[in-house]
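Undergrad: give me coordinates for this.
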Amino acid sequence: MDRKHRGKPFNRLFFKVYINYALVLTLFAILVGLIFMNLYESATMENYRDKMLKQAEVVSRRLSKAIINNEADGYLDYLSIMQELDYDESDIWTISNPNAKKPMDKQMENVNLEDVKLPQDCVTVIEKAFQGRHLAKSGYYEEFGGTSAIQGYPVTVNGEVVGAVLLRTEVKKQEDIINSSMNLIYFSVGIALFISFIIAILFAKGITKPITSMRTTALLLADGQYESKLSLSRRDEIGDLATTIDILADRLKENEEERQSREQMRTDFFANVSHELRTPITVVRAYTEMLVDGIVTEEDKINQYHAKILAECKGMERLVGDLLLLSKMQNPDFEVEKEPVNVVQIFEDLLRSFHPLCQDKQIEMILTKGMPVYTMMGDYDRLKQMFLIILDNAVKFSKVNSSIYINLAKTDKLVISVRDEGIGISKEELPYIFDKFYRSKLKQNEQGSGLGLAIAKQIALKHDGDIMVKSEEGNGTEFIFSFQSLENYVEELDIS
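TA: Residues are numbered from 1 along each chain as shown. Purely as a prediction, here's the structure:
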């Protein structure tokens, strides 16, 4: 599919962006060029007509003055000079108005309408001038042998139109000027389009290059190369997309590391389970084979073997139960059912349960509390099981005729500490005590499964709590729990 996509350049994003951008620029340049050329041509001709109008007005005033002062010869000399100085090679004609009461002297008339065949536009312009109005016309006239512009203007004496001034100019020079300007416009548009196309190429590359890099990075991520990064420093949508892909790469990398970690944990879990079950199964099998083979015949030893088999089975049952509980607690989707719980009540129940065991080792459990009730949101049975594990370890590792101190306090949180005067934990072992199947080599821990503290920690986490351990070898151990009190829990609910 990738080769097929690469084999069709018309399907490439670069080509599409470039073509669309170039088409927009071309259409815009053509449209602007046409509008500008039309405006320029109209403005040029309009300026030229204004120039002709002013010239006709000047000639009309001079002619009016000459008529009033009876200066026919002076006017004709003036007209000759005007035509000699006229760089546009205009024809200046003066026509007498036959309909006036006092028409203009024939000496000042340099064209006779009866002797000259004029285009209809000239006749129209002259008639308008006789009516006291000025009018301009332009077009191609065979009588003049080309394109001409015509301007008429009335000659007024004492409020009466006695004649007309007619200017006729070939517009070839103006057309040449317009055509020259048009060529300059065409050239400018062509240069602008060329530069715009280069800009379009750079613009298209600026869009497609990072997208190509994103595609390459996405393929590398799909192949599991999660260390791939774009690191584009752009402050636009493309930069945001590149940053998102980098974030995705980090998340994928984290997920992969977590997956590998879980896979390793799963492998270690099965290895540890197999190791933990192998010994009791071997013991049960050995005792059972001895009983089945009739090697043991004495009633006392038979009962002793039965008791050992039963003890090993109970140990395996307890191990399996702890494993199931730990697996349930480690499940992210598992949530404990919380309700208001009095922590004082939990410890009072536990003290009664541990009383016989404490009497055997002459251990005193001392509960210190500043208030009769300390409440939190939690699962009573789970919390009781957590503290049971801690107290059981405290009794197990305490010396004979010692004390275990349980302290309840409330600051911004509910703080619970359990401190014993036992043998303590070495610095080397302290970081691993919450790991699954971790057991110290002490004699007191021979029957343990290595799951108790791991379960206790998971219960604390499920209650949004924290657990900390302070211990020094030979000087006892202290477990410190911190939980959110019921009052703070209710306040957060009210705020939310």
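Undergrad: ok now do the nearest residue to residue 203 once chain neighbours are set aside, which residues does it touch?
TA: Using CB to CB, 6 or more residues apart in numbering and skipping residues adjacent in sequence, the residue nearest residue 203 is residue 21, 6.2 Å away. No exception for glycine: its C-beta is placed from N, CA and C like everyone else's. Listed by CB atoms under 8 Å, 6 or more residues apart in numbering, the contact set of residue 21 reads 200, 203-204.
Undergrad: for the residues you listed, could you give me JSON lines that also reports neighbour count and distance to residue 44?
TA: Formatted as JSON lines, the contacts of residue 21 follow (neighbours: other CB atoms under 10 Å; distance: CB to CB, whole Å):
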{"residue": "200", "neighbour count": "20", "distance to residue 44": "33"}
{"residue": "203", "neighbour count": "14", "distance to residue 44": "37"}
{"residue": "204", "neighbour count": "21", "distance to residue 44": "39"}
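Undergrad: adding distance to residue 105, pLDDT and secondary structure, write these out as CSV.
TA: CSV is the format used below for the contacts of residue 21 (distance: CB to CB, whole Å; pLDDT from 0 to 100; DSSP: H, G, I helix; E, B strand; the rest coil):
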residue, distance to residue 105, pLDDT, secondary structure
200, 71, 77, helix
203, 74, 77, helix
204, 77, 76, helix
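Undergrad: same list (the residues you listed) but as JSON lines, adding distance to residue 262.
TA: Below are the contacts of residue 21 laid out as JSON lines (distance: CB to CB, whole Å):
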{"residue": "200", "distance to residue 262": "51"}
{"residue": "203", "distance to residue 262": "47"}
{"residue": "204", "distance to residue 262": "45"}
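Undergrad: tell me the one of these nearest residue 107?
TA: Nearest to residue 107 out of these is residue 200 (CB to CB; 70.8 Å).
Undergrad: wait, doesn't the closest one sit right on residue 25?
TA: Yes. Here residue 200 reaches residue 25: they are 6.7 Å apart, a contact under CB atoms under 8 Å.
Undergrad: my guess is residue 185 contacts residue 34. True?
TA: No. If you go by CB under 8 Å, residue 185 and residue 34 don't touch, sitting 9.9 Å apart.
Undergrad: and these two? which has more neighbours close in?
TA: Shown here are residue 185 and residue 34; by other CB atoms under 10 Å, residue 185 has more neighbours (16 against 11).
Undergrad: now do the shared contacts for residue 185 and residue 34.
TA: Common contacts of residue 185 and residue 34 (CB under 8 Å, 6+ apart): none found.
Undergrad: which residues does residue 308 contact?
TA: By CB under 8 Å, 6+ apart, residue 308 lies in contact with 283, 287.
Undergrad: in what helix or strand does it lie?
TA: For residue 308, the host element (DSSP states H and E) is helix 299-330.
Undergrad: just checking, next helix/strand downstream of that helix?
TA: strand 339-342.
Undergrad: what's the helix or strand for the residue nearest to the spatial centre of the chain?
TA: Nearest to the geometric centre of the chain sits residue 240, at 4.0 Å (CA atoms, centre = their mean). Secondary-structure assignment from DSSP H and E places residue 240 in helix 237-292.
Undergrad: the helix or strand encompassing residue 34 - what's its average pLDDT?
TA: Here residue 34, judged by DSSP H and E, is contained in helix 13-69. The average pLDDT for helix 13-69 rounds to 78.
Undergrad: then stretch 346-359?
TA: Average pLDDT, stretch 346-359: 87.
Undergrad: kindly export that stretch (C-alpha atoms) in CSV.
TA: Written as CSV, here are the backbone C-alpha positions of stretch 346-359 (Å, rounded to 0.1, in the frame of the first residue of the first chain):
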residue,chain,number,x,y,z
ILE,A,346,-11.2,-2.2,65.3
PHE,A,347,-8.3,-2.1,67.8
GLU,A,348,-10.4,-3.0,70.8
ASP,A,349,-11.6,-6.1,68.9
LEU,A,350,-8.1,-7.0,68.0
LEU,A,351,-6.8,-6.5,71.5
ARG,A,352,-9.4,-9.1,72.7
SER,A,353,-8.3,-11.5,70.0
PHE,A,354,-4.6,-11.2,70.7
HIS,A,355,-5.0,-11.4,74.5
PRO,A,356,-4.3,-15.2,74.8
LEU,A,357,-1.3,-15.0,72.4
CYS,A,358,0.1,-12.0,74.3
GLN,A,359,-0.2,-13.8,77.6
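Undergrad: tell me which residues in it are buried?
TA: Going by neighbour count (16 or more other CB atoms under 10 Å), the buried part of stretch 346-359 is 346-347, 350-351, 354, 358.
Undergrad: among those residues, which one sits closest to residue 383?
TA: Closest to residue 383, out of all of the buried residues of stretch 346-359 and judged by CB to CB, is residue 346, at 5.8 Å.
Undergrad: what sits against that closest one?
TA: Residues near residue 346 by CB under 8 Å, 6+ apart: 380, 383-384, 387.
Undergrad: SS state for it?
TA: helix (DSSP: H, G, I helix; E, B strand; the rest coil).
Undergrad: then residue 407?
TA: With three-state DSSP as the criterion, residue 407 reads strand.
Undergrad: number of nearby residues for it?
TA: Residue 407 has 16 neighbours, counted by other CB under 10 Å.
Undergrad: my read: it touches residue 374, true?
TA: No. The criterion here is CB under 8 Å, and residue 407 misses it with residue 374 at 11.0 Å.
Undergrad: how close does residue 205 get to residue 21?
TA: Distance of residue 205 to residue 21, given as CB to CB, to the nearest Å: 11 Å.
Undergrad: let me redo that: residue 366
TA: On the measure of CB to CB, residue 366 and residue 21 end up 83 Å apart.
Undergrad: cool, and residue 119?
TA: As judged by CB to CB, residue 119 and residue 21 stand 51 Å apart.
Undergrad: also residue 61?
TA: For residue 61, the distance to residue 21 - CB to CB - is 59 Å.
Undergrad: and residue 342, what pLDDT?
TA: Reported pLDDT for residue 342: 91.
Undergrad: which residue is the nearest non-sequential neighbour of residue 252?
TA: Closest residue in space to residue 252, ignoring its immediate chain neighbours: residue 226 at 4.7 Å, by CB to CB, 6+ apart.
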